[in-house]
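Novice: Build me a structure from this.
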Amino acid sequence: MNADVVIVGGGPVGLYLAAILLRQGVAVRVLEQRSDRNLHSRAIGIHPPALAALDQLGIAGRMVADGVAIRSGLAVSRGRAVGRMPFAGVSEAFPFVLSLPQYRTEQLLEEQVHALDSRALVRGTEVLDVAYDGGSASVSVTSAGGAAKGGGTFRASLVIGADGPRSRIRDLIGVPVRRKTYPDHYVMGDFADHTQFGGRAVLFLESGGIVESFPLPGALRRWVVRLGRPAEGAGPEELARLVEDRTGVSPDPATNTMLSAFSVRSSVARRTVAGRVILVGDAAHEISPIGGQGMNLGWLDAQALAPLIVQAVNGRHDPEAFRGYERNRRQAALRARRQAEINMLLGRPLPAPVLALRNSVIGAAAESPAVNQWVAGRFTMQQESRATRVSGSSSRSCPG
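Specialist: Next up is the predicted model:
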């Protein structure tokens, strides 16, 4: 039960990091509490910098083939187009945001991990404790859900906590988080797409609050409605009614395939590196889902971290390089949180006169190619692409 690296959490970030490390000859074990993948479609948006990172595994092409390439966005208010945002100039290789259900993303990543090492992913494993000293770390586990397989201890050079916003690893090493809550609540669902929007994302900027709409594979469309209070068990009929009331579009409740409600909070861990234990993804920073940055930010964490891990397991552990990684990724998380806050502010209810004024400003901005391009770059996380390249360059130049 020894490995070079133990990754706790077999979601998209943990699986991506495992695949990157396995391709470089690092022995990895991924400990996942779930016995099976969750087929509930949560995160769907994959931004160009993340697609470039995934392309390092050779799976970006398959993902694009399975998903919907969103090449432009449309802002609508009271039945009229307010502005358009093309993504053509945001990336040479991937000039779009890819819409792909998270379960399919995880499936492709898991297949990659399994092809590299069929024993790497260990499902049905619950973490009990983590310990680390100057030169190694260990994770004590038991079988999840009361299964009879028993437990044991995994020993490694490094332990990576990729176990989500309620991270067990983060709690075990005593890292506090700084949390923020917001007055924003949402209900979302997937329905058969009977609209004429095709592959476009559409934002309905209405006085009652924003409604967001995104195409999905399989001729489905996701609808996300901003509320002023928690949804409290809203069903497909209620969501369809809210969409129709605000937009005039009528999703068919009988075609609903997923329904979910969430309230927004954010959290940023005060530390992400504690000796030989490192936090990545939502374990390090939980970002509002509005704007779809969270999963993408986690992949960019992993991309920046991987070279440092390879150095460490090859006997060139550089604490200063890990501290630099921690600083850079914390700044990336704070930038993403600010962008998410702007996205949520855009979607809050406004009196009709103020809404009309804001829509005029949005329309004027959309008419300026330079402003439009800048906003598209912000929306598609191009600033994080640049920051990750700088961080990776700094990491590779560190003495070892």
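
Novice: helices and strands around the helix or strand where A304 lies, which ones?
Specialist: Mapping A304 onto the secondary structure by DSSP states H and E places it in helix 294-313. In terms of contacts (3 or more C-beta pairs under 8 Å, 6 or more residues apart in numbering; DSSP states H and E), helix 294-313 is packed against helix 12-23, strand 45-46, helix 48-55, strand 158-161, helix 319-346, helix 382-397. Quick note: C-beta positions are derived from backbone N, CA and C, even for glycine.

Novice: got a pLDDT number for R386?
Specialist: The per-residue pLDDT reported for R386 equals 56.

Novice: returning to what we had before: distance from the helix holding A304 to the middle of the chain?
Specialist: In this view, helix 294-313 has its centroid 14 Å away from the chain centroid, taken as C-alpha atoms, centre = their mean, to the nearest Å.

Novice: Phi and psi next, for A254.
Specialist: In this entry, A254 is assigned phi and psi values of phi -70, psi -20 (degrees, to the nearest 10).

Novice: Buried residues, stretch 311-328. List them.
Specialist: Q311, A312, V313, H317, D318, A321, F322, G324, Y325, E326, N328 (16 or more other C-beta atoms under 10 Å).

Novice: Show me the two of the residues you listed that sit farthest apart.
Specialist: Greatest spatial distance in the buried residues of stretch 311-328: V313 and N328, 21.0 Å, computed using C-beta to C-beta.

Novice: which stretch of helix or strand covers the nearest residue to G209 once chain neighbours are set aside?
Specialist: Counting by C-beta to C-beta, 6 or more residues apart in numbering, R226 is the residue found nearest to G209 once chain neighbours are left out, at 3.8 Å. Per DSSP H and E: R226 is located in strand 220-227.

Novice: ends of stretch 217-230, how far apart?
Specialist: 28 Å (C-alpha to C-alpha, to the nearest Å).

Novice: tell me which residues of it are tucked away?
Specialist: Judged by neighbour count (16+ other C-beta under 10 Å), stretch 217-230 contains these buried residues: L220, R221, R222, W223, V224, V225, R226, L227.

Novice: Check stretch 355-368 too.
Specialist: The neighbour-count criterion (16+ other C-beta under 10 Å) identifies L355, N359, I362, G363, A365, A366 as the buried residues of stretch 355-368.

Novice: isn't the fifth one right up against V371?
Specialist: Just to be clear, that refers to A365. Yes: with contact defined as C-beta atoms under 8 Å, A365 reaches V371; the gap is 4.7 Å.

Novice: now for stretch 133-144, what's the gap between its first and last residues?
Specialist: The straight-line separation of the ends of stretch 133-144 (C-alpha to C-alpha) is 26 Å.

Novice: And it, how far out from the chain middle?
Specialist: A distance of 26 Å separates the C-alpha centroid of stretch 133-144 from that of its chain, computed with C-alpha atoms, centre = their mean.

Novice: contacts for it?
Specialist: Stretch 133-144 has contacts (C-beta atoms under 8 Å, 6 or more residues apart in numbering) with 6, 8, 31, 33-35, 124-132, 149-159, 275-277.

Novice: For the stretch 101-250 of the chain, which segments are assigned as helices?
Specialist: 102-116, 168-172, 236-247 (DSSP state H, counting those that start in this stretch).

Novice: elements contacting the second one?
Specialist: It refers to helix 168-172. Counting contacts by 3+ C-beta pairs under 8 Å, 6+ apart, the secondary-structure elements packed against helix 168-172 are strand 125-132, strand 158-161, strand 277-279.
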